[in-house]
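Peer 1: Got a predicted model here, sequence first, then my questions.
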Amino acid sequence: MSVEEHWQMDATAPELYDRYLVPAITSLWAGDLLDRIAPKRGDSVLDIACGTGVVARFTEQLGLARRVVGLDLNSAMLAIARSKSPQVEWIEGSALDLPFDAGSFDVVLCQLGLQFFPDRPLALKEMVRVLKPGGRAGFSVYSAIENTPAAYAFDQALDECLGEEASRTKRAEHLSCDAQEIADWTKQAGFDLVDVATVTKQIKFPSMLDYVRFQLTATPMAGLLKDKEVPERERLIVSISDDAASRLDRSMLAGGKLTFPQQSFVAIASL
Ligand SMILES: C[S@@+](CC[C@H](N)C(=O)[O-])C[C@H]1O[C@@H](n2cnc3c(N)ncnc32)[C@H](O)[C@@H]1O
């Protein structure tokens, strides 16, 4: 896996990610995940691959958890998280080697992270290890890219405008498997009960151009244009946006805005 496939990026992108993509996309999924897992009073909660911290922050804001910890590989993402919520413990580390003793948490969460881990079975086993007996886990991953039309149109436009393989990082955000496979991996890791829901959210951006611009500035895909001069970068962003728009059903572009369904698997598991 390349650096981009692990969803790594430099200092500016995390700030833009938190400002634009968290409100438009990941905060919707965070609300859904927390509704499903419903942390209880006194729980200790770990958010793995916390990024800029939306899930940990929402958990802390519920005011029920005794301890909330956010863990991520990326120090620039954690710096934003830290600046927004000093009450949460933010820790740099890997999902594959969690820096916690066995039985440390009541609840483990991992939103839109599992798809980037080079060893998913190990990451799931690590969740099991750090959970207390009877502990619960909640995690989400985007399903096959074809089930999220704007992502699929953008993926095809990238290859068309920047050359074959330009969409590799975008495709790595999605898992082309079914809910049963996710349930099987989760059980094999040691969870007893697993429920995997296929969930769709309506995502809104002010325009297709905004969506494409945020994808190419606020994610590791910023690397695709980093060597271009500003006018060339702008020209490419517009071309990719026009190409992606031409592939979408017109109803998703009504009034010049972009509205599209985004599909994820959301798993709730317990020991
Ligand atoms: C798409 S972001 C999701 C962030 C956050 N959970 C959210 O919903 O906004 C994926 C995150 O996974 C992190 N990540 C990737 N591989 C990781 C690993 N092995 N251990 C910990 N974090 C990892 C990246 O640094 C990035 O912050």
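Peer 2: Ah, there it is.

Peer 1: and Lys40, how many neighbours?
Peer 2: Around Lys40 there are 12 other residues, counting by other C-beta atoms under 10 Å. Every residue, glycine included, has its C-beta placed from N, CA and C.

Peer 1: So it versus Thr169, what's the distance?
Peer 2: Computed with C-beta to C-beta, to the nearest Å, the distance linking Lys40 and Thr169 is 37 Å.

Peer 1: ok, now Ala269?
Peer 2: Between Ala269 and Thr169 the distance, using C-beta to C-beta, works out to 28 Å.

Peer 1: out of the two, which sits in the more crowded spot?
Peer 2: For Ala269 versus Thr169, neighbours defined as other C-beta under 10 Å are more numerous around Ala269 (27 against 24).

Peer 1: To which secondary structure element type does the more buried one belong?
Peer 2: When the structure is split into helix, strand and coil by DSSP: H, G, I helix; E, B strand; the rest coil, Ala269 lands in strand.

Peer 1: i'd like the first residue to be 368 from this point on
Peer 2: Noted, 368 is the first residue going forward, which turns the last one into Ala636.

Peer 1: Was I right to think it contacts Gly501?
Peer 2: No. Proximity of Ala636 to Gly501 does not meet the contact threshold set by C-beta atoms under 8 Å, at 12.0 Å.

Peer 1: how about the strands in this structure?
Peer 2: Per DSSP state E, the chain has strands spanning 411-415, 434-439, 456-459, 472-478, 498-509, 560-572, 625-637. These are given in chain order.

Peer 1: anything in the shortest one near the ligand?
Peer 2: No. Taking C-beta under 6 Å from any ligand atom as the criterion, strand 456-459 and the ligand are apart, separated by no less than 8.8 Å.

Peer 1: list the helices and strands that strand packs on?
Peer 2: Applying 3 or more C-beta pairs under 8 Å, 6 or more residues apart in numbering; DSSP states H and E, one finds that strand 456-459 contacts strand 434-439, helix 442-451.

Peer 1: Kindly format the C-alpha coordinates of it as PDB.
Peer 2: This file holds the C-alpha atoms of strand 456-459, laid out as PDB (Å, rounded to 0.1, in the frame of the first residue of the first chain):
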ATOM      1  CA  GLU A 456      -7.100  11.900  25.300                       C
ATOM      2  CA  TRP A 457      -5.500  12.000  21.800                       C
ATOM      3  CA  ILE A 458      -2.900   9.300  21.100                       C
ATOM      4  CA  GLU A 459      -0.700   8.700  18.100                       C
END
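
Peer 1: ok, Thr419 - contacts?
Peer 2: Listed by C-beta atoms under 8 Å, 6 or more residues apart in numbering, the contact set of Thr419 reads Pro381, Tyr384, Asp385, Val389, Met444, Ile447, Ala448, Lys451.

Peer 1: if we go to 6 Å?
Peer 2: Shown here is Thr419, whose contacts under the criterion C-beta atoms under 6 Å, 6 or more residues apart in numbering are Pro381, Asp385, Met444, Ile447, Ala448.

Peer 1: Distance-wise, check it relative to the ligand.
Peer 2: 6 Å (C-beta to the nearest ligand atom, to the nearest Å).

Peer 1: For that residue, what are phi and psi?
Peer 2: The phi and psi values for Thr419, taken as degrees, to the nearest 10, are phi -80, psi 10.

Peer 1: Would you confirm that Tyr578 contacts Lys571?
Peer 2: No. Using C-beta atoms under 6 Å, Tyr578 is not in contact with Lys571; the gap is 9.6 Å.

Peer 1: How many residues are close by Phe399?
Peer 2: Small correction: residue 399 is Asp, not Phe. Here the neighbour count serves as a burial measure; for Asp399 (other C-beta under 10 Å) it reads 18.

Peer 1: Ok, the one 4 residues further on next?
Peer 2: Close neighbours of Arg403, defined as other C-beta under 10 Å, add up to 16.

Peer 1: In contact with the residue nearest to it when sequence neighbours are not counted, which residues?
Peer 2: With C-beta to C-beta, 6 or more residues apart in numbering as the criterion, Arg403 has its nearest non-adjacent residue at 5.3 Å, and that residue is Ile635. Contact criterion C-beta under 6 Å, 6+ apart gives Arg403, Gly505, Asp562 as the residues in contact with Ile635.
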